[in-house]
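1. pasting a predicted model and its sequence here:
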Amino acid sequence: MTNSMKQTVITNPTWWKRRSALERGLTVIAVSGGLLCIALAIGIAVVLSNGKSCDDASTASVPLKNEILPSTAEALNGQLMKKSTPTVIKAPDSDVCYTTGCVHAASKVLSNMDENIEPCDDFYGFACGKFIKTTIIPDDKVSVNTFSVISDKVQEQLRISIEEPTYKDEPKPFKLAKNLYKSCMNKSEIEKQGIEPLLKILEKLGGWPVLDGDNWNENNFDWRDTIYKFRDMGYSVDYFLDFSIGFDLKNSTKRVIDLDQASLGLSREYLSKGFDDKIVKAYYNYMIDIAEILGADKELAKQELRESLEFEMKLANISLPNEQRRNATLLYNPMTIKDLNNNYPFINWLEYFSKLLPSSITIDENELSIVNVPSYIDNLGKLIDTIPKRVQANYVMWRAAAASVSYLNEDVRKRQLAYSTAVSGRTERESRWKECVDIVSGGLSLSVGAMYVRKYFKEEAKKNAEEMVNDIRIQFNKILEKVDWMDDETRKSALDKAASMSTHIAYPDELLDDKKLEDFYNDIELTDDNYLQSVLNLTLFGTEYSFSKLRKPVNKTDWISHGRPAVVNAFYSSIENSIQFPAGILQGAFFSNDRPRYMNYGAIGFVIGHEITHGFDDQGRQFDKEGNLVDWWAPTTKEKYLDKATCIINQYGNYTVPEVGLKLNGINTQGENIADNGGIKEAYWAYRSWTDKNGPEKKLPGLDYTPRQMFWISAANTWCSTYRPEALKVRITTGFHSPGEFRILGPLSNMEEFAEDFQCPSGSRMNPVKKCAVW
C-alpha cells in the first residue's frame, strides 16, 4: 500500500484485544449458543482425541522446548522499522466456521503463530514464531517442517501395510516388499553375519588395499575393470565417470548415453576446501573408522586413506561447480564413440560402453553420447595417469564400503552415526522400522505405492486437486498475457508451452493392476538370509531397467516413471513439460476438503503454482513445449528476463541466516526462488477468482483475520521449519532450496497484494520500495 492509506492503531485495547490468540479462540467457542455449542464441543473432542495424529505432529507429537531461535529481522534489514498493526475487517459470529475441520485448522494455525510479532515486520515470525519456539527437533532428525510431519504420517501408514501378514496367493510385488522389510528387521541375523557380507564382496571386487596390505597386487587392478565388476554386482558405476541413459535434450523423443563428472562421496563444495575444513576432517575420520573396523591397521589407514581422499579432492577440483551447470546448452556436447576415442584415448570407449550396457544392446563407433563437461574427461585422463593404482583402488573400494555400511551390523553403523552427527547434528539413528520402511519404499516404490493408495488415499482429494491445478494454470496464463517486457512471438510460445504442460495427480491407475505390477517385478529375486545382498539385487535391477531403456521408445506419460505416490513432494520435468503431485502431499497441512479454500490455495496451491512456474524458471525456460532444448526467446526479451532473474539472485544472495552466519547462494537457489515468487502469486489470484465465483468464505474460530489474510498465513505455515545448525549449514552450502524462512520472506515482500491485504506501510520490511518479480 501507499503511505496515504490509513492504519488502525489501537491505543487503549479492550479486554478482547488483550487476550492471546488462543484465549480468543477458546472464548469464541465458549460463548457460542445452543446447538452450535454442542456441535463445537463434539468438534473439539475430535481434535483433542486426534492430537497425536501426524496431521498435528508438529505440535502434539514433538517434544517442546523453551528456546527461541534468533530473529532474522535485524540481520535482514539492518534496523528495526516502526511496528504496524494490520487492519482487520471485523465480522459477526455468523461469518465464523465452527465445523470440526475448521476448528482443527484453527488449532493448527494458532499453535504455529506468534501474534506478538508484527506481520509487516517479519511475517514468517508472525505465522511460525510459536512453532519455532516450541518445536524441538528429535534426536534422530536434522529438521522438522511441514513436509517431515506428513512424511512421518505416511511412514507410519506404510509400516502398517508392510507388516501385515503375507497370504498364500498374494501378488509377488507385495511379497517382495514384506520379505525385504523382514530381512531388514532381522537384526539378529544381521548381527550374526557381522561384516562378513561386505568383506566377501570386497574380495570379489578385487580387494581393498588398505585391508589386504602387502597381499594386494596392483598388477591385477585396472579402474575400468573394477567399474565393470561394480556394475555386475549392483554398485554405482559413477565413481570416476557418471554414466547414465537419458533423453537427448535437443530431441527428447530419443534416449542417449549421458556422460558426466564423477559422483563424489562428499559434496564438491566441501572437498574443494581441503583438509582444514571441519566436514572434510569428519569424512576422513569416518573413512579411517570404517577401514579399521573392517580389519585395517589404523596407522596404515591414516596414511593410505589420506592419499585416496586427496585423489577424491582432485576429482572435485576438475569438476564443474553447480553455479556453472545451470546453462543446459553448455552441458550439451554430442560426441560419437569415434569422437571420444579421438579426443580422450585413455579409455576404449566402445568396450567401456558395451560392458556397462545390458548384453542385449549392441553399439558401434557411431553410437552417440552427450558429454556434459568435456573438460572433466580431458582432465581425468591427465590426472589418472599420475595417481598410483593403489590409491585409485583405495578410493573406489572405500566408495563401495561406504555404500554398504547402512546394511551391516550395529558396530559399523555406529561409526556411520558418528559421521552423521558431525555433518548434520543428528545424534541418533531413526527407529529400525523407519529405516526399513524407507529402504523398502525406495527400492520397491511401485509395490509400496500401490499398497499406500489402495489403503489410504481419499479419491475426492484427486478431483479437488485437479480443479485447483486448472484454476492456477489459468492465472499463470493471465500473467503471461499481461507482462509488459515480453515480445508477442515469445509470449505466444510461452502460452503454447503452458497449455501443453501435462499433469500427473495422486497416482497412475496402473498401480491398481496386480498383473502390471507382477510383470514389472517378475525378474527380481531377494535372498532371505543376506540383507546387503538383497539391497544390491534391487539396485542391480534398477540399473538393468534404466540402462535397457536406450533402445526403447520414449513414453513421457509412462506410469512407471510417475508411480511413486507415497512421497511428500511435488515435481516438474523439463523434458516431459509436466507437473506431478503425488498422493502423499495431498493431505495434512497442504490439503484437506474439510477446511476453507483459502487454507488449501495458500498451501497446496502455492506448491502447484511453484511447479508450474518451474517450466519458466532460469532452467525450465530453456526448453520448449515438447521438452526440447531450444532457444525460443527473442534476444531482447531474454535480456529482460535475465535482468529480472538477476534481481532475484541479488535479493536472496543478500539474505543472511543469523543462526549460522552464512549468506544464501542466490545463483544456485534462483530456480526455486523464481518458482516460489511466481507460484504464490498464481495461487493467490486463483483463490481470488474462486471467491468471485463462489462468494466469500467464513473465518476460522479465534482468528480475527480476513480470508485473504488467512491465505497468506496458510502459505507461511507450509514452510514453518526448524533446523539443526549443522544441517542448516549443509543446506545453504550445497542445496538448491532456500530455508523455509526465506521462502516466505522473499516472495511475500515482493507482492503488492500481500502489502495491501495486511496494510503494510511502504518501506516496511514486508513492503520494501524495491521489489523483484520475474512472473
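-> Noted; the coordinates are in hand.

2. what about the residue lying closest to residue 644 once chain neighbours are set aside, neighbour count?
-> Beyond its immediate neighbours in the sequence, the residue positioned closest to residue 644 (C-beta to C-beta, 6 or more residues apart in numbering) is residue 774, lying 4.6 Å away. (Glycine included, C-beta is placed from N, CA and C.) Using other C-beta atoms under 10 Å as the criterion, residue 774 is surrounded by 26 other residues.

3. now do the strands in the stretch 251-400 of the chain.
-> Listed from the start of the chain, the stretch 251-400 of the chain has strands (DSSP state E, counting those that start in this stretch) covering 251-261, 334-336, 368-371.

4. run through who's touching the longest one.
-> When you say that, I think you mean strand 251-261. 241-248, 315, 318-320, 334, 353, 367-373, 376-377, 549-552, 554, 556, 575, 626-628 (C-beta atoms under 8 Å, 6 or more residues apart in numbering).

5. off-centre distance for that strand?
-> Centroid separation between strand 251-261 and its chain, computed with C-alpha atoms, centre = their mean, to the nearest Å, is 24 Å.

6. before we move on, the earlier item: ok, which of the strands of the stretch 251-400 of the chain comes nearest residue 562?
-> The closest approach between residue 562 and any of the strands of the stretch 251-400 of the chain, judged by C-beta to C-beta, belongs to strand 251-261 at 16.3 Å.

7. right, and the helix or strand after the strand or helix carrying residue 515?
-> Here residue 515 sits within helix 514-520, counting by DSSP states H and E. Using DSSP H and E, the helix or strand that directly follows helix 514-520 along the chain is helix 531-547.

8. how about that following helix as PDB, C-alpha atoms only?
-> As requested, C-alpha coordinates have been extracted for helix 531-547 and formatted as PDB (Å, rounded to 0.1, in the frame of the first residue of the first chain):
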ATOM      1  CA  TYR A 531      20.200 -58.200   3.700                       C
ATOM      2  CA  LEU A 532      23.100 -56.500   2.000                       C
ATOM      3  CA  GLN A 533      22.900 -58.800  -1.000                       C
ATOM      4  CA  SER A 534      19.100 -58.200  -1.300                       C
ATOM      5  CA  VAL A 535      19.700 -54.500  -1.500                       C
ATOM      6  CA  LEU A 536      22.400 -55.000  -4.100                       C
ATOM      7  CA  ASN A 537      20.000 -57.200  -6.100                       C
ATOM      8  CA  LEU A 538      17.500 -54.300  -6.000                       C
ATOM      9  CA  THR A 539      20.000 -51.800  -7.200                       C
ATOM     10  CA  LEU A 540      21.200 -54.100 -10.000                       C
ATOM     11  CA  PHE A 541      17.500 -54.500 -11.100                       C
ATOM     12  CA  GLY A 542      17.200 -50.700 -11.200                       C
ATOM     13  CA  THR A 543      20.400 -50.400 -13.200                       C
ATOM     14  CA  GLU A 544      19.300 -53.000 -15.700                       C
ATOM     15  CA  TYR A 545      16.000 -51.300 -16.100                       C
ATOM     16  CA  SER A 546      17.500 -47.900 -16.600                       C
ATOM     17  CA  PHE A 547      20.300 -48.900 -19.000                       C
END
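
9. quick revisit: buried ones among the contacts of strand 251-261?
-> Burial by neighbour count, 16 or more other C-beta atoms under 10 Å: within the contacts of strand 251-261 this picks out 241-243, 245-248, 315, 318-320, 353, 367, 369-373, 376-377, 549-550, 554, 556, 575, 626-628.

10. next step: those residues restricted to helices.
-> For the buried ones among the contacts of strand 251-261, membership in helices holds for 315, 353, 376, 377, with DSSP state H as the criterion.

11. need the contact list for the last one.
-> For residue 377, the contact set (C-beta under 8 Å, 6+ apart) comprises 241, 259, 343, 344, 371.

12. can you add distance to residue 460 and give those back as JSON lines?
-> Listed next are the contacts of residue 377 as JSON lines, based on distance: C-beta to C-beta, whole Å:
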{"residue": "241", "distance to residue 460": "48"}
{"residue": "259", "distance to residue 460": "46"}
{"residue": "343", "distance to residue 460": "57"}
{"residue": "344", "distance to residue 460": "56"}
{"residue": "371", "distance to residue 460": "48"}
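
13. going by distance to residue 300, which of those wins?
-> residue 241 (28.8 Å).

14. packing partners of the host helix or strand of residue 611?
-> Under the criterion DSSP H and E, the helix or strand holding residue 611 is helix 604-614. Applying 3 or more C-beta pairs under 8 Å, 6 or more residues apart in numbering; DSSP states H and E, we find helix 604-614 packed against helix 459-482, strand 571-573, strand 578-582, helix 670-694.

15. for residue 636, which of those is the nearest?
-> Ranking the helices and strands packed on helix 604-614 by proximity to residue 636 (C-beta to C-beta) places helix 459-482 first, at 16.9 Å.

16. please name every helix or strand in contact with that closest one.
-> Based on contacts counted as 3+ C-beta pairs under 8 Å, 6+ apart, the elements that helix 459-482 packs against are helix 488-500, strand 502-506, strand 578-582, helix 597-602, helix 604-614, helix 670-694.

17. contact partners of the helix holding residue 611?
-> In this structure, residues lying in contact with helix 604-614 by C-beta under 8 Å, 6+ apart are 465, 468-469, 472-473, 475-476, 498, 501, 570-572, 574, 579-581, 585-586, 590-591, 620, 671, 674-683, 686-687, 715, 718, 775.

18. lovely, talk soon.
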